[in-house]
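**Student:** What follows is a predicted structure for the sequence shown.
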Amino acid sequence: MTVRFEDAYPGSKAFLELPALRVPAGWRIALNALSDQLDPGLCDPDSVLFSATNAATRFEIEVTGGFHLRVTYAPWPRTERGRRIADQPLAFLDGEVVHELATEDYAALIADLQHWIARCSVWVREGN
């Protein structure tokens, strides 16, 4: 019997090293390369290890190679009168950094990541 890759993946080393994260609906996980086997001192500090976006709450969470976590909020674009402009793409390059953590402790990184995923799932930064 031939084992297909998609059937073998749940038992693979790459899958088993992924952290167990609680991620509510609404998040788009673009990348998850986190592993308890990573050494922050040996990782390229510019490499992205985790990236998630919640378009409804306008938050982005990113973890880079030196175990640096950053939470960014993309404010709504506004008219001259202060009204929100709907249907605009998220722009995190001009976003507001609302939290940063730099640590060498993997458990602390995962705990902080989990906290901010939960918080940013319900946090409303600005009204209409």
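**Tutor:** Looks like it came in fine.
**Student:** I'd say Ile110 and Asn32 touch.
**Tutor:** No: between Ile110 and Asn32 there is no contact under Cβ atoms under 8 Å: 11.5 Å. For every residue, glycine as well, the C-beta is placed using N, CA and C.
**Student:** Distance of the residue lying closest to Ala91 once chain neighbours are set aside relative to Glu62?
**Tutor:** Once flanking residues are discounted, Ala91 sits nearest to Ala74: 5.4 Å by Cβ to Cβ, 6 or more residues apart in numbering. Using Cβ to Cβ, to the nearest Å, Ala74 is found at 13 Å from Glu62.
**Student:** pLDDT below threshold where in this protein?
**Tutor:** Filtered on pLDDT under 70, the chain yields the residue ranges 1-18, 127-128.
**Student:** max-length helix in it?
**Tutor:** Secondary structure of the chain read by DSSP state H shows that its longest helix is helix 106-122.
**Student:** And that one, what does it pack against?
**Tutor:** Using 3 or more Cβ pairs under 8 Å, 6 or more residues apart in numbering; DSSP states H and E, the elements in contact with helix 106-122 are strand 48-54, strand 59-64, strand 68-73, strand 96-102.
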